[in-house]
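Asker: Below are the sequence and a predicted model; questions follow.
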Amino acid sequence: MISRQVAEALLEIKAVSIVGEDQLFTWVSGIKSPVYCDNRMTISFPKVRDLIANGFADRIREKYKEVDVIAGTATAGIPHAAWVAQILDLPMVYVRSNPKGHGKGKQIEGYLKPGSKVVLIEDLLSTGGSSMKACEALIEEGADVLSVLAIFSYNFAQVDEIFNEKGVLFDTLTDYKTLLPIAVEKNYVDESSKETLLKWSDNPKMFTEA
């Protein structure tokens, strides 16, 4: 099953770091987290990136057959979008986090025909804010965003709320609730820490508010 395969691969290449409460990571959003998923690591491992690219391509063939263009988010989504576009023989564009401050001031690079049906590739979904910002940029250019596909999701309820509010679909190859039991099974995490880590997923601000 692709979800387990990808979760195992992320753990094996140490793309996922899990620490104790005395070593929390601080995200850009200010959330203090015991888990950090750095999917940029995947580009250095050919078998892992092939697993991810083919996983995305299979998901698109299965659920989004009408897609015209593959988009990637800058910067972490760009290489995966390129590999998926190559597999599916489709055009690709990428979305900057903000419009370029010089030249034509473009936020979307590449050719995007108005009305194109787009699947946006992300490396991960945390709070969902940056992914939605990229979707809005595509929509402003006349695209029909079929879905956001990410390698990994932290399973935060906030993501469901944001995407439901905007009427945009999202999907992931694997997620936190798939990965955590595997991390325990393979001794990346102590069984005693599992409950705290699950509680954090349900309330990502639990350490931030402490």
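Answerer: It's in. Note that the structure is predicted; figures quoted are calculated from it, not measured.

Asker: Assign the residue nearest the centre of the chain to helix, strand or coil.
Answerer: For the chain, the residue sitting closest to the mean C-alpha position, by C-alpha atoms, centre = their mean, is residue 124 at 2.0 Å. Secondary structure state of residue 124, per DSSP: H, G, I helix; E, B strand; the rest coil, is strand.

Asker: Leaving out sequence neighbours, find the closest residue to it.
Answerer: Excluding the flanking residues, the one nearest residue 124 by C-beta to C-beta, 6 or more residues apart in numbering is residue 152, at 4.5 Å. Glycine gets a C-beta too; all of them are placed from N, C-alpha and C.

Asker: mind checking pLDDT for the one you found?
Answerer: With respect to pLDDT, residue 152 scores 98.

Asker: If you rank every helix and strand of this structure by mean pLDDT, what lands last?
Answerer: The weakest-scoring helix or strand in the chain, judged by mean pLDDT, DSSP states H and E, is helix 191-202 (a mean of 88).

Asker: buried set for it?
Answerer: 193, 197, 200-201 (16 or more other C-beta atoms under 10 Å).

Asker: Show me what that helix is packed up against.
Answerer: helix 176-185 (3 or more C-beta pairs under 8 Å, 6 or more residues apart in numbering; DSSP states H and E).

Asker: Go ahead and name everything in contact with the helix it packs on.
Answerer: Residues outside helix 176-185 that contact it (C-beta atoms under 8 Å, 6 or more residues apart in numbering) are 3-4, 7-8, 10-11, 16, 18, 35, 152-155, 189-191, 194, 197-198, 201.

Asker: The same query, at a cut-off of 7 Å, please.
Answerer: If you take C-beta atoms under 7 Å, 6 or more residues apart in numbering as the criterion, helix 176-185 is touched by 3-4, 7-8, 10-11, 16, 18, 153-155, 189, 191, 194, 197-198, 201.
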